[in-house]
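Novice: Need coordinates for the following:
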Amino acid sequence: MNTVISVRIDKDVKDSAQEVANSTGIKLSTLINAYLRQVAATRRIEFYAPEIMTPKLDNLIASVEAELQVGKISRKFTNTDDFLQDLKK
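Specialist: Have a look, this model is predicted:
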């Protein structure tokens with residue numbers, strides 16, 4: 001037996017989700033139904049919220065990349081022994 005639920009959702013979020021569903025050839029209601037089935041089956045709710053790039057974060061990343069270019073930051077390490085040895089210098 002099917003039932004109807006009504007939820008308020010941001011229009012941009014709905015449109016974006018609709019676009020994703022359409023690109024895979026399924027209806028938005030099928031996508032929502034599949035997610036609710038997953039929640040019911042796993043008893044887990046998982047969210048994904050990507051970090052929004054802010055000017056401050058963008059500047060911080062640029063600053064770190066610039067420091068990497070001039071060698072101001074230590075090199076990458078593949079194991080803890082090399083890291084500890086470099087740290088003791």
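
Novice: what ranges of the chain fall below the confidence cut-off?
Specialist: Of all residues in the chain, none has pLDDT under 70.

Novice: Which stretches in it count as helices?
Specialist: Applying DSSP state H to the chain gives helices spanning 11-23, 28-42, 55-69, 80-87.

Novice: Select, out of the ones you listed, the one closest to residue 4.
Specialist: Nearest of these to residue 4, taken as CB to CB: helix 28-42 at 9.9 Å. The way it works is simple: take the backbone N, C-alpha and C, and place the C-beta from them, glycine included.

Novice: That closest one: how far from the chain's middle?
Specialist: The chain centroid and the centroid of helix 28-42 are separated by 20 Å under CA atoms, centre = their mean, to the nearest Å.

Novice: now for it, which elements pack on it?
Specialist: On a contact count with 3 or more CB pairs under 8 Å, 6 or more residues apart in numbering; DSSP states H and E, helix 28-42 meets helix 11-23.

Novice: so what does the helix it packs on touch, helix or strand wise?
Specialist: Contacts defined by 3+ CB pairs under 8 Å, 6+ apart place helix 11-23 against helix 28-42.

Novice: Could I get the buried residue list for the helix it packs on?
Specialist: Applying a neighbour-count criterion of 16 or more other CB atoms under 10 Å, one finds residue 31 buried in helix 28-42.

Novice: And for stretch 11-27?
Specialist: For stretch 11-27, the neighbour count (16+ other CB under 10 Å) marks residue 21 as buried.

Novice: residues in contact with that stretch?
Specialist: For stretch 11-27, the surrounding residues in contact (CB atoms under 8 Å, 6 or more residues apart in numbering) are 28, 30, 31.
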